[in-house]
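**Q** With the sequence up front, the predicted model follows.
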Amino acid sequence: MKKCPFCKNEINVDVAQCPICKMILIEKIPHINPTSERVYTSSSPKEPKKQTHTSYYTPPQKSSSKERFKIPNGSGWIISIVGSIALTLILNGNYGSSNPLPAPLSDPTIVDTNLSLTPIPHTSYYSLPNGTVLFSSSLNGEGILSISNGTKSDAVVKLITTGGSKVYSVYVRANSSYSIENINDGIYRLLFSFGSNWDPNQNKFLVNPRAEAFDDTFDFETSDTKSTGFTITLNPVIDGKATTSPLDSNVFDKY
């Protein structure tokens, strides 16, 4: 015998409907122990099965903490469901746990691509004003050397004699031009270096320095009717005739 969960009268354990209050008792058929363990495992065929979750279910009790429902031989596990609310709780897996699952999210998280993102600060490199003269010897001639820097990097241009003496050194910023005037008659070599973050104490670029030298010499000669002038570009141009060769930055810094 057992008590009807609705009218509390004693009834036979295997009846599907209470003969007194006429309430329907729902019957489940699976042959499992009331305190059996349900284990959910991964089913990947390539890996050995491993336990991911374990849950226990104990039927509600009315008489005492030790008394359980009797399970007749050959019958399934009989569960009395109190109304549709109790059925919903069982289907949702809510067994009165003290640590319930969090409510599921109704919609996936959506990232707003229009949000204003904080820009990564750009490293600020030190640069000199265009045309800053770093070194100049006495110039009183009539020769002119026009320099065009069409690159995205600042440059330092050095004019030296064929004997290796310094004549003129100037800072030419990216996409800028400069002209060295009053160059004395003579034969000269022209060196230049690109880079970033100019160090005024060491007079050199600290970031990505790279130097080159023009292969040809520059001959300046003045007569009663003419003077010499050159125009050079530090960036390669179509149909350009002047060639350059790489130069060690440490060698460049010595001039």
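**A** Okay, I see it. Quick caveat, the model's predicted, so the values are computed rather than measured.
**Q** what comes up buried for stretch 19-28?
**A** By 16 or more other CB atoms under 10 Å, the buried positions in stretch 19-28 come out as L25. For glycine as for every other residue, the C-beta is placed from the backbone atoms N, C-alpha and C.
**Q** How about stretch 209-223?
**A** Taking 16+ other CB under 10 Å as the neighbour-count basis, stretch 209-223 is seen to contain the buried residues P209, A211, E212, A213, F214, F218, F220.
**Q** quick one: the helices in this structure?
**A** Counting by DSSP state H, one finds helices in the chain at the ranges 83-91, 249-253.
**Q** The ones you listed: lowest mean pLDDT?
**A** Across those, helix 83-91 has the smallest mean pLDDT, namely a mean of 49.
**Q** Now do the phi/psi pair for C21.
**A** Dihedral angles phi and psi of C21 (degrees, to the nearest 10) take the values phi -100, psi 0.
**Q** ok, it to V15 distance?
**A** 12 Å (CB to CB, to the nearest Å).
**Q** Tell me where the protein is predicted with low confidence.
**A** Applying pLDDT under 70 to the predicted model, the residue ranges of the chain that meet it are 26-123.
**Q** Please repeat the previous calculation with a cut-off of 80.
**A** Residues of the chain that meet the criterion pLDDT under 80 lie in 1-2, 5-6, 11, 13-17, 22-123.
**Q** any idea which strand is longest in it?
**A** The residue-count maximum for a strand in the chain (DSSP state E) belongs to strand 186-199.
**Q** and that strand, what does it pack onto?
**A** With contacts defined as 3 or more CB pairs under 8 Å, 6 or more residues apart in numbering; DSSP states H and E, strand 186-199 has these neighbours: strand 154-161, strand 204-214, strand 218-220, helix 249-253.
**Q** G195 is nearest to which of those?
**A** Minimum separation from G195 across the helices and strands packed on strand 186-199 (CB to CB) falls at strand 204-214, 2.5 Å.
**Q** give the contact list for the residue lying closest to R189 once chain neighbours are set aside.
**A** Among residues not flanking R189 along the chain, I160 sits closest, at 5.2 Å (CB to CB, 6 or more residues apart in numbering). If you count contacts by CB atoms under 8 Å, 6 or more residues apart in numbering, I160 has them with K166, V167, Y188, R189, L190, L191, Y255.
**Q** which residues touch Q17?
**A** Neighbours of Q17 in contact, by CB under 8 Å, 6+ apart: M23, I24, L25.
**Q** Make sure the last one is actually in contact with D14.
**A** No. Taking CB atoms under 8 Å as the contact criterion, L25 and D14 are not neighbours in contact, 9.7 Å apart.
**Q** quick revisit: want to try TSV for the contacts of I160, with neighbour count as columns?
**A** Converted to TSV, the contacts of I160 look like this (neighbours: other CB atoms under 10 Å):
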residue	neighbour count
K166	15
V167	21
Y188	22
R189	19
L190	25
L191	19
Y255	18
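**Q** from the residues you listed, which is closest to S137?
**A** Lowest distance from S137 to those (CB to CB) belongs to V167, with 5.2 Å.
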